[in-house]
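1. Give me a 3D structure for the following:
(chains A and B)
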Amino acid sequence: MKKASAHVKAIRLTPVPGTAEDTEALFQRHHELVFRTAYRVLGSVVDSEDVLQTVFLRLLRRGRTDLSPSPGGYLQRAAVNASLDLLRARRRVSLVPLDDLKDDLIDSPSLGPDKQLDGKDMRMLLQQSIARLGDRAAETFVLRYLEGYDNNEIAEMIGTSKLVVAVTLYRARAKVCKDLSKFLEVKDEAR
Amino acid sequence: MKLGKKSQELLLDRLTAEIRGEEIDPSVIRSASDRVWSRIQNADKPAPVEPSQVEQIRGCADFQRLMPSYLEGGLSEPRSLLLEDHTRECLTCRRAVKHHLHGTSRSNSAAHLSPTSKVKPRRASLRWGIAAALILSMSFAAFLAVRGLQPARAGHVVIQAAEGPIYRVSDHEVTPLSAGDEITDGQSIHTGYASTTVIRTGDGSLIEMKGRSQLSVSESDRGLMIKLERGNIIVQAASQGSRHLYVSTRDCTVSVTGTIFSLNSSVKGSRVSVIEGAVEVDYSGNRESLNPGQQLTTSRGIESKLVMDDISWSRDAERYLKLLAAFTDRRIDPGSGGGHPQNRFSTRLLDMQPESTFFYIALPNLSAALSDSNSLIEEQIHQNAALRQWWDSHRRNSIDGPALSEIVESIGKAAAFFGDEIAISFGVNSRGRAEGMLVMAELSDSAEFRAFLQNQTGAGSPAPTGGVRMRLIDGLVGRESQPAGSAARKEIPIAIRDNIFIASDDPDYLRTAESAREGATRTRFTETRFHSQISTLYSEGVGIILAADLNKIITQSEGGDSRVDKDRAEAYDRLGLSDLEYLILELKAGGEAARNRAVLTFMEPRRGVSSWLAPPGPMGSLEFISPDANVVAAFVVNTPRSFVDDLLTSLKSIDPDLSGQLKEFEAQARADLREDFAEPLGGEFAVALDGPLLPTPSWKAIFEVYDPARLQRGIERAVEEINRRAGAEGKPGLLLERTDQGGRAFYRLRFGNDGPDLSYAFASGYLIAAPSHALVDRAIRYRQSGYTLAHSPRFASLLPEESGSDFSAFFYHDFSRLLDPLARRGGAGSLAQALPPTLIYANASEGRIAFAASSQPASSSGSLLRLPGYFQLPRILEEAAPSR
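-> Predicted coordinates for the structure are as follows:
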């Protein structure tokens, strides 16, 4: 379990007067969506709490409460991006390149003698791999494979064409698959 | 292993599908969102924070909370160094320091933090700040005065009274508290076993805490906030003016303005009972108003209780009961839909049992229950030596009569005429010899039943092949005698009186039982304690009952002069088993699943082995165990000291040499097992297999510790002495190493050069031990992240209604993490089915221990009558004791 980076949490913002009540309504309506979205990316309750705080503090700072046409969609994307920021910040802080990750995982007490990866380790690997993707690719990947949106919906959400989404996803998926495979290969050699 | 493209795709799909399908406990989200919202609200009002309030530095936010103390020079040196290091690397925090130094002024000068000196705020800024604060305060006070509102002052929280131990618990230390001590904002307070503590807040509100409860008190703009992490409290809220007093648990928030109410919080949910005034309860998106005498439970998993029972532990229980007397108990329970149709709440049959009854079974009149009853009775009886002995003698005596199975089969054919219950009982005479068996049922229409019997037993009707038939003895028994010979074996004598059907395997016993009925409705059995124990069950609804008067059996089976008999009697006495009175086993439908439990009662307050268990309490140790744990066992003891005393006393009688060596060791090491090891412990223990079994089993042990420093000193002294002895014998000793990480000390104990390792650390009032530093660290992180067994939906689904997660002891296993991969390969499918996640637990009180089990899915395969081997319990206790 990696220690959560505090980069997101560190932003202490000054709220704009007059928007707190609107923000509260948004918070009450969408906090669960934001939290769950962050949790799917980060797999940590503590980190997801940080993301929840970051997303709504940013709203408050910007005094922005009109998120139409889709407040839920906006906040979900905000949660995805804040989570990706956190993943990348953590990666920077902990300096865990993929090739080194195998040592962490192989030494992990959760690995048995057969070096069978458990779900948490695979999840960590997937997070690292997503964090290595470009901003747009990572966001698209998360929306498609962790949030379950289809290409049309993603295209509409991020304001691009379906074709661009499909190509981005194809490349992102290939990279992630390659990372997973590479890791398993290295692990097998280390056995 | 190089994966093909298809395998890569499949792996990725599986991984992402698992992530998408992962459930998060809604209460975790609620708690997180409450905290976040509270922080967002206070984002523009940075309150000065005492360094002690930041239990652990997890990120920039915590560093920023420490900055005011740092700038005032009040921060400890290690923390100052950490903060200085951090601000060198973190731009955001450098800006925050600047903000603290200069208020909102836009100074471009970079803040510089000297590693050795503290930066003092500018005096001019301070003066301006004070002036501004005074003006704002006066304005605000004037505003309130105009509106006629006077906010309650909640600060200055003190311990008003404390009976028993109470501690301030932070992530890194446990500090004993006593009456008069002050509690600062946000500090966690934990009450020890059997402790009762009263806390007074600045506004005059009183919070009474039951033992093993934990809470913190903080103040927000909206009012005083009490966060009950676990346990029971009773709150007497002072008048709050325009503000509110809030008490939050994992899944609800109670808001009041001036009232008395009790709140219980456990993993399964919360229960709110109102004694005086009114409260508002927010839970799961609902809001309920409660008035005196009313109670609310937030989930199906937590049992409703009479309000007076819920507060009976309080020092002021008598006063509260008087307040409640004016109100009728009313419960709002979203989880209960009333009594289950299978459960029965009254009976006439129990009152009609003969006085000699020592074994009583009550079954619902269901064909499944009847057809399985014979095997059920035999199975349970054979698990208990004394019962088995009696049963064998009974069968020898009644060898000429019909067998139990034949009686049940025959009676089953007439079940359509019976009421909703069938009772089977066995009696013994004063010499302990079996008297006979009775089967009783209420008749819905005795005339119809007589007609049925007429058809079945009419002249010339042959007895059913391979079975027996009923023979009605009308009027008082005794006028007819049972025909002799083989024909008699095929008949069951029955009697009908006052719409009660009675059958027996022995006509003489039937005769005796019938004669004993006084006024046709009661016998002298109703005056016995055994009767009252059983009749109590009916008030809560019963399904199946098996009750045995163990004392009658044990007493009458004792008295042998052989050495074996004497040894057995001695062993029973040492274990406290000679005080055993009744064993009552109960299975009933309730909620969504069948529930079963066994209760052992004692004639005297529990002693010996059976006295070790403490009454049920919350178990904070579960927060160090992940939801993926394979096996967990946990228990609470009354006092670890008495536990050790009993062990040492047993050791003395079992192995005097070893006992002597231990004393010598204590003398040479200047150590005392009781003082140094038992006394600092809290009384809560847990062990778990939480991770892979190979190459080293991922076990962990968690001990509640009230005095970590004292325990650590004891360990160090013991290690020194062991090493001294080992050195004298030329053997490798123990190596105790300390590593500091994240402000926490981790210890590693190595047994010789190649021996096993043991690592441990102290956190939040517990000692966590495991085979490796990584496992200990991971256990602590489980608690911090909330990824714990206590929050696991699978574990929660097994928790009982009546006590939530409060147990005296429990054993839980969930092998799915180990077996599912094997099952998918076709290797362990049947094993996985045979070992569903199961929770077996015990709850103890002064004169009884209740055992129960639940599994998910139920392992009963649809049969209500598959019961765990509860009747083995005395034998298990006996065998668990040290052998002579």
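2. from here on, contacts and neighbour counts on C-alpha atoms
-> Fine.
3. quick one, longest helix in chain A?
-> helix A:162-190 (DSSP state H).
4. So A:Leu133 versus chain B, what's the distance?
-> 15 Å (CA to the nearest CA, to the nearest Å).
5. What sits closest to that residue if chain neighbours are left out?
-> In this structure, A:Leu133 finds its nearest non-sequential neighbour in A:Ala172, 6.9 Å apart by CA to CA, 6 or more residues apart in numbering or on different chains.
6. Isn't the one you found up against A:Arg132?
-> No - when contacts are counted by CA atoms under 8 Å, A:Ala172 is not listed as touching A:Arg132 (9.9 Å).
7. Just the pLDDT for residue 177.
-> In the absence of a named chain, this looks at chain A. pLDDT for A:Cys177: 88.
8. switch to chain B, that's the one I care about
-> pLDDT, B:Leu177: 87.
9. helices or strands next to the helix or strand harbouring B:Val408 in the packing?
-> For B:Val408, the element it lies in under DSSP states H and E is helix B:404-412. Judged by 3 or more CA pairs under 8 Å, 6 or more residues apart in numbering or on different chains; DSSP states H and E, helix B:404-412 is in contact with helix B:367-381.
10. so where's chain A shaky on pLDDT?
-> A:1-21, A:64-65, A:90-120, A:186-191 (pLDDT under 70).
11. Let me see the ranges of the helices in it.
-> Using DSSP H, helices in chain A cover A:20-42, A:45-62, A:71-94, A:98-107, A:119-132, A:135-141, A:151-158, A:162-190.
12. where does the stretch 751-884 of chain B come near chain A, residue by residue?
-> Proximity of the stretch 751-884 of chain B to chain A (CA under 8 Å from any CA of the partner chain) is limited to residues B:Ala774, B:Leu775, B:Arg778, B:Arg781, B:Gln784, B:Ser785, B:Gly786, B:Tyr787.
13. Most tightly packed of the helices of chain A?
-> helix A:45-62 (a mean of 24; mean count of other CA atoms under 10 Å in any protein chain shown).
14. Keeping just the C-alphas, turn that one into PDB.
-> The C-alpha trace of helix A:45-62 is given here as PDB (Å, rounded to 0.1, in the frame of the first residue of the first chain):
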ATOM      1  CA  VAL A  45     -10.200   5.400   0.800                       C
ATOM      2  CA  VAL A  46      -7.800   8.000   2.100                       C
ATOM      3  CA  ASP A  47      -6.700   9.100  -1.400                       C
ATOM      4  CA  SER A  48     -10.300   9.100  -2.600                       C
ATOM      5  CA  GLU A  49     -11.200  11.400   0.300                       C
ATOM      6  CA  ASP A  50      -8.400  13.700  -0.800                       C
ATOM      7  CA  VAL A  51      -9.700  13.800  -4.300                       C
ATOM      8  CA  LEU A  52     -13.200  14.500  -3.100                       C
ATOM      9  CA  GLN A  53     -11.900  17.500  -1.100                       C
ATOM     10  CA  THR A  54      -9.800  18.700  -4.000                       C
ATOM     11  CA  VAL A  55     -12.600  18.600  -6.500                       C
ATOM     12  CA  PHE A  56     -15.000  20.600  -4.300                       C
ATOM     13  CA  LEU A  57     -12.400  23.000  -3.000                       C
ATOM     14  CA  ARG A  58     -11.500  23.800  -6.600                       C
ATOM     15  CA  LEU A  59     -15.200  24.500  -7.400                       C
ATOM     16  CA  LEU A  60     -15.500  26.700  -4.300                       C
ATOM     17  CA  ARG A  61     -12.300  28.600  -5.300                       C
ATOM     18  CA  ARG A  62     -13.500  29.300  -8.800                       C
END
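15. Check whether B:Thr253 sits in a helix, strand or coil.
-> Three-state assignment for B:Thr253 (DSSP: H, G, I helix; E, B strand; the rest coil): strand.
16. Might one say that it is in contact with B:His244?
-> No - counting by CA under 8 Å, B:Thr253 sits too far from B:His244 to count as a contact (11.6 Å).
17. Which residue is the nearest non-sequential neighbour of B:Asp757?
-> Nearest one to B:Asp757, counting by CA to CA, 6+ apart, is B:Arg750 at 4.7 Å.
18. Bridged to that neighbour, which residues?
-> Beta-bridge pairing of B:Arg750 under DSSP bridges involves B:Leu735, B:Asp757.
19. Please give me every residue in contact with the closest residue to chain A within the stretch 401-550 of chain B.
-> Minimum separation of the stretch 401-550 of chain B from chain A (CA to the nearest CA) falls at B:Glu540, amounting to 39.0 Å. For B:Glu540, the contacting residues are B:Phe345, by CA atoms under 8 Å, 6 or more residues apart in numbering or on different chains.
20. How many residues are close by B:Phe426?
-> The number of residues packed near B:Phe426 is 23, by other CA atoms under 10 Å in any protein chain shown.
21. Identify the residues contacting the residue nearest to it when sequence neighbours are not counted.
-> Nearest residue to B:Phe426, sequence neighbours excluded (CA to CA, 6+ apart): B:Met437, at 4.5 Å. Applying CA under 8 Å, 6+ apart to B:Met437 gives the contacts B:Ile424, B:Ser425, B:Phe426, B:Gly427, B:Ser504, B:Asp505, B:Asp506, B:Tyr509.
22. Spatially nearest residue to the last one, not counting backbone neighbours?
-> Of all residues not flanking B:Tyr509 in the chain, B:Gly436 sits nearest, at 5.9 Å (CA to CA, 6+ apart).
23. The fifth one now?
-> Ranked by CA to CA, 6+ apart and with sequence neighbours excluded, the top spatial neighbour of B:Ser504 is B:Leu438, at 4.5 Å.
24. same question, the second one
-> Nearest in space to B:Ser425, with sequence neighbours left out and distances taken as CA to CA, 6+ apart, is B:Tyr360 at 4.4 Å.
25. So that neighbour sits against B:Val428, correct?
-> No - B:Tyr360 is beyond contact range of B:Val428, at 12.0 Å (criterion: CA under 8 Å).
26. who touches both of those two?
-> With CA under 8 Å, 6+ apart, B:Tyr360 and B:Val428 have no common neighbours.
27. now for the residues of the stretch 751-884 of chain B next to chain A, which pair is the farthest apart?
-> The span of those, defined through CA to CA, is set by B:Ala774 and B:Gly786 at 17.9 Å.
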